[in-house]
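>>> predicted coordinates and the sequence they were generated for:
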Amino acid sequence: MRTSEENSFQKNPISGETLGMEYPDGYMIFQEGDVCDGLYVVQSGNVRIVTTLPSGDQVELAVVGSGEIFGITTILENLPRSASAVVQGGASVLRIDRSTLIRSLHNDPSLVSNILKSVSLRARKLKQALVASESKHL
């Protein structure tokens, strides 16, 4: 269960806008199957991206760190979350809701390139991990 005691908002001292949230180790930011409500940017710390196999085993798909985004594929596809995001060792994370993201993409098309690079890099790392895993089983 997510409660306000488990995390704290960081505020911009000038505008008062929410800059991000501090999450403790083990906190689940979102769960596989959740409705996609935004994407996330890691400001500090690490977040594990995991999926659950039909056997019930969890598989780590990625660990995202400072400056990296996660939750992007499902926000673009408008589908339920395909994996869970779990904080590793405490992290500060910024959430960007869907409407803000879409508006920002229209206002600054260079963001599309940055997002595509991030998705491409994540896919490449996942492929490398799968190849490495497969070679261990040969």
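In hand now; what should we look at?

>>> which residue is nearest the middle of this structure?
The centroid of the chain falls nearest to residue 70 when counting by Cα atoms, centre = their mean (2.6 Å).

>>> show me the beta-bridge partners of it.
residue 40 (DSSP bridges).

>>> that one contacts residue 39, correct?
Yes - counting by Cβ atoms under 8 Å, residue 70 touches residue 39, with 7.1 Å between them. For glycine as for every other residue, the C-beta is placed from the backbone atoms N, C-alpha and C.

>>> pLDDT below threshold where in the protein?
Within the chain, the segments meeting pLDDT under 70 span 1-19, 130, 133-138.

>>> any chance you could map the helices in it?
In the chain, the segments counted as helices under DSSP state H are 72-77, 98-107, 110-136.

>>> could you dump the ones you listed into a markdown table and include distance to residue 83?
Shown next, in a markdown table, are the helices of the chain (distance: least, Cβ to Cβ, whole Å):
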| stretch | distance to residue 83 |
| --- | --- |
| helix 72-77 | 9 |
| helix 98-107 | 18 |
| helix 110-136 | 11 |
